[in-house]
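**Student:** Give me a model of this one.
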Amino acid sequence: MVTISDLVPLLVDRDIHLSVSQVHRLATGTPERLSLPVLAALCDIFNCTPADLIATKAQNAAVRKTATDDGVVNLNRMRNPRAGVNWISRPHVHTMLRALADPSLPVTHETLDSMTPWRSVAYLRDLLMLHGVLPHVDRHLMLFQRWLRDTLDGIGEREPRQLVERFATWHVLHRLRRFADRGPVTEKQTQQARAEIRQAIAFLAWLRERGLLLAACRQAEVDAWYAGAYTARRLTHAFLRWAMRNKLLVRVTIPHQDTRNPTSLSQHDRIALIRRLVTDEDIPLLARVLRLTVDEVLHENGEVSIRLGEPPTPVPEPFAGLLQQHIQQRLNLTTATNLDASWLFPGRRGGQPMTADTVERRLRRHGIRTLTGRTAALRQLVLEAPAPVVARMLGYTLDNPARLATEDRGEPGPLRPDDHSR
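**Tutor:** The predicted model follows:
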């Protein structure tokens, strides 16, 4: 019996170079496309004919799925209809739309994956999912997978490519899919995933410059890699731990430094920023949670509350008035993508809210630090209420509020094995 690991060298002998994960997908799934050289190699390995490998059956072709009448965009509803016409008229957009209109080409995510440029493809994919032409998939996960394919194609040498592909497939991508099972993958999560893969590629290239492979790496090389650039290279941790777990690297000690910002925003500064957010009309109303909808802003008995967790959080004045004013003046509702969006902060892409990066850039322009401000608010809340109550109301896990409460009481937190600072 031939196993998947046996197939890789047998294919190489026939000048077919596929990774272990590619062979696994080929052997365990149903590929939509199969090149003739690969098919010929498989027939030679198993001493069979294509008919023995590929089962075919006759059936009526599926009706090509189209958008409903509700999905037809009325350009008259757009604030600037010419912008929509101009986008459709761009040469690459025109090419994509003509291809999708071809009855011989299936309208699938795989078809879109073969198109360029990726930004226009992502925009078009969001529109097609919004109007039911394509099944919904996690957009950030899809964009990451496309980025990963392009990144792997850019690695020239075979061994580092295989290592990076294994790490990306079985660790990074596996983690992102777990996130997707619980909810939409965030842009921050895919940014970290990309950074971990970039650091793995950089580390392997750094070893090659010194004439070393990963298996020959020792503690001295790990220490030298981190020396002088720990903050920039700390995301290499994930690759090194994965390599040690999979017996690709001898056991080494990964250096640890606390890279958290030691300065925190004082309660006085936090209140001053809140006062500025309320009174400065040049700063748009923005929220920490972007995936809230207008349905989660509740009006009961003359009071306004917002459902961040359970129970809903009361919104006092003047914030209640600002929140209701914002709902009536939400951005991005006059484009083709979000005409009827229920998002509290609609984005520019079809069916998507505003991204966290967009909000962060807007706040930074006004000198507002989001991370330190959030931490300061949590510190104040856990001084006024038990940490479990704060966690439930804001939709947090208990760990972060409990840790802040412990620190504010002056008690040491749990000692980590790699923390030598105390």
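**Student:** quick one: low-confidence parts of the stretch 1-150 of the chain?
**Tutor:** 1-4, 21, 28-34, 55-81 (pLDDT under 70).
**Student:** can you do 50?
**Tutor:** 61-65, 67-72 (pLDDT under 50).
**Student:** got a list of what the closest residue in space to T355 that isn't next to it in sequence touches?
**Tutor:** Closest residue in space to T355, ignoring its immediate chain neighbours: E187 at 5.6 Å, by C-beta to C-beta, 6 or more residues apart in numbering. In this view, the C-beta of every residue, glycine as well, is placed from N, C-alpha and C. Shown in contact with E187 (C-beta atoms under 8 Å, 6 or more residues apart in numbering): H140, T355, A356, D357.
**Student:** secondary structure element for F239?
**Tutor:** Following DSSP states H and E, the helix or strand that holds F239 is helix 236-245.
**Student:** Now do that helix: which elements does it pack against?
**Tutor:** Helix 236-245 sits against helix 158-167, helix 187-209, helix 219-226, with contacts defined as 3 or more C-beta pairs under 8 Å, 6 or more residues apart in numbering; DSSP states H and E.
**Student:** Just the CA coordinates for the second one, please, in CSV.
**Tutor:** Coordinates of the C-alpha atoms in helix 187-209 are reproduced here as CSV (Å, rounded to 0.1, in the frame of the first residue of the first chain):
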residue,chain,number,x,y,z
GLU,A,187,-7.6,41.8,10.4
LYS,A,188,-5.3,41.9,13.4
GLN,A,189,-5.3,38.1,13.6
THR,A,190,-4.3,37.8,9.9
GLN,A,191,-1.7,40.5,10.3
GLN,A,192,0.0,38.5,13.1
ALA,A,193,-0.3,35.3,11.0
ARG,A,194,1.5,37.1,8.1
ALA,A,195,4.1,38.5,10.4
GLU,A,196,4.9,35.0,11.9
ILE,A,197,5.3,33.6,8.4
ARG,A,198,7.5,36.5,7.3
GLN,A,199,9.7,36.0,10.4
ALA,A,200,10.0,32.3,9.7
ILE,A,201,11.1,33.0,6.1
ALA,A,202,13.6,35.6,7.3
PHE,A,203,15.0,33.3,10.0
LEU,A,204,15.6,30.4,7.5
ALA,A,205,17.2,32.9,5.1
TRP,A,206,19.4,34.2,7.9
LEU,A,207,20.5,30.6,8.7
ARG,A,208,21.3,29.9,5.0
GLU,A,209,23.5,33.0,4.8
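**Student:** Any buried residues in it, and which?
**Tutor:** Neighbour-count burial for helix 187-209 flags 187, 189-190, 192-194, 196-197, 199-201, 203-204, 206-207 (criterion: 16 or more other C-beta atoms under 10 Å).
**Student:** For those, work out which two are farthest apart.
**Tutor:** E187 and L207 (30.7 Å; C-beta to C-beta).
**Student:** rewinding a little: got a pLDDT number for the residue nearest to T355?
**Tutor:** Predicted confidence (pLDDT) for E187: 84.
**Student:** got it, and M393?
**Tutor:** Model confidence at M393 (pLDDT) stands at 65.
**Student:** just the one 4 residues further on next, same as before
**Tutor:** Per-residue pLDDT puts T397 at 61.
**Student:** what does the one 4 residues further on give?
**Tutor:** The predicted local confidence for P401 comes out at a pLDDT of 55.
**Student:** what's the answer for Q329, then?
**Tutor:** 74.
**Student:** Please, which helix or strand holds H299?
**Tutor:** strand 297-300.
**Student:** Now the phi/psi pair for the residue in the chain sticking out farthest from the centre, please.
**Tutor:** Here the centre of the chain is the reference, and by C-alpha atoms, centre = their mean the most remote residue is N47, at 43.7 Å. With angles defined as degrees, to the nearest 10, N47 sits at phi 50, psi 50.
**Student:** can you start the count at 810 instead of 1 from here on
**Tutor:** Understood, numbering begins at 810; the last thing we discussed is N856.
**Student:** distance of it from D1104?
**Tutor:** 62 Å (C-beta to C-beta, to the nearest Å).
**Student:** Now find how far off-centre stretch 892-901 is within its chain.
**Tutor:** With C-alpha atoms, centre = their mean, to the nearest Å as the basis, stretch 892-901 stands 28 Å off its chain's centre.
**Student:** should've said stretch 924-931
**Tutor:** 17 Å.
**Student:** Mind giving me the PyMOL select for the contacts of E996, buried ones only?
**Tutor:** One line in PyMOL is enough to select the buried ones among those; burial here means 16+ other C-beta under 10 Å:
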select buried, resi 949+1164+1165
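**Student:** Turn the contacts of E996 into TSV, columns for distance to M1053.
**Tutor:** Below are these laid out as TSV (distance: C-beta to C-beta, whole Å):
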residue	distance to M1053
H949	29
T1164	35
A1165	33
D1166	33
